[in-house]
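Participant: Need a 3D model of the following:
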Amino acid sequence: MKISKILTIILCLALCFSFAGCAKNEADDAPVTSVKPLAHSLNIVGYAEKGEIPEIPYALGHDIENLKETFMSHIEEGSEIVELVVDEGEKDVWLNGGSMTFCYEKKNKENGISVIIAQEYAYDFSLGGVYDADDVIHAVGMTEYERGEATDEDAFFLPVIPENSECIKYSIGGYDLRFIIIDGFVSAVTLTDPENWEY
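Facilitator: Numbers count the residues shown, from 1 in each chain. From the prediction side, this is the model:
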């Protein structure tokens, strides 16, 4: 009799432990290549309001001549970037630093940088095939945004806009923040001062 009670208790305990082992943890199913709201704690809105992308050492409005003089001092040794390439057009000037580009209109040069284009890292996102549009929307956290097919205005820095591309647009502190999504993933970020830049 005692043996059957002990066996019953042991079987009950084994059954309880087997149920506990079968419990599903939703975090285990989350894709490892995607950042979700709780994992992305950077205050994107706070940086954008100040005209900044934290991975880039210059903000909107930064003095152009100072940028030209100091740019290479911010580049890590061994980087593929060997110089800041200046491309002067009829109305505007582009300063190409590899993964980051700065633009300004000649008539507004005294107002400093008007556009920052990031093509490698921006706002804690590694660009080019890791983060999708939903990651951006969750991370920024603002309720007001526009999402649609990318236009020439959105991706003015690309020679051709790929077919499968879209743009998520925010207006933050008087600046335009745009995330360019290509083939479902964030590929570039632009931060623009629309008062000093005509799309």
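Participant: Name the residues of stretch 137-155 that are buried.
Facilitator: I137, A139, V140, Y145, A150, D154, A155 (16 or more other C-beta atoms under 10 Å). In this view, the C-beta of every residue, glycine as well, is placed from N, C-alpha and C.
Participant: any idea of the mean pLDDT in that stretch?
Facilitator: Stretch 137-155 carries an average pLDDT of 93.
Participant: what does stretch 159-179 give?
Facilitator: 95.
Participant: which residues sit against it?
Facilitator: 44-45, 48-51, 60, 133, 136-137, 140, 142, 144-152, 154-155, 180-184, 186-195 (C-beta atoms under 8 Å, 6 or more residues apart in numbering).
Participant: So which of those residues are in helices?
Facilitator: Among those, the members found in helices (DSSP state H) are I44, V45, A48, E49, A133, V136, I137, V140.
Participant: that older thread, which pair in the buried residues of stretch 137-155 spans the largest distance?
Facilitator: A139 and A155 (20.6 Å; C-beta to C-beta).
Participant: ok, back up a step: including distance to N96, could the buried residues of stretch 137-155 go into TSV?
Facilitator: As requested, the buried residues of stretch 137-155 are exported to TSV (distance: C-beta to C-beta, whole Å):
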residue	distance to N96
I137	29
A139	27
V140	27
Y145	28
A150	21
D154	19
A155	16
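Participant: distance of D152 from G128?
Facilitator: 21 Å (C-beta to C-beta, to the nearest Å).
Participant: so the residue lying closest to V45 once chain neighbours are set aside bridges to which residues?
Facilitator: Using C-beta to C-beta, 6 or more residues apart in numbering and skipping the chain neighbours, the partner closest in space to V45 is I172 (5.7 Å). On the basis of DSSP bridges, I172 is bridged to Y175.
Participant: Compute the number of surrounding residues for the residue nearest to K107 when sequence neighbours are not counted.
Facilitator: Spatial nearest neighbour of K107, excluding adjacent residues (C-beta to C-beta, 6+ apart): K91 at 7.5 Å. The tally of other residues near K91 (other C-beta atoms under 10 Å) stands at 10.
Participant: surely K91 meets E105?
Facilitator: Yes: if you go by C-beta atoms under 8 Å, K91 and E105 touch, sitting 5.9 Å apart.
Participant: Return the distance of stretch 61-76 from the chain's centre.
Facilitator: From the chain centre to the centre of stretch 61-76 is a distance of 22 Å (C-alpha atoms, centre = their mean, to the nearest Å).
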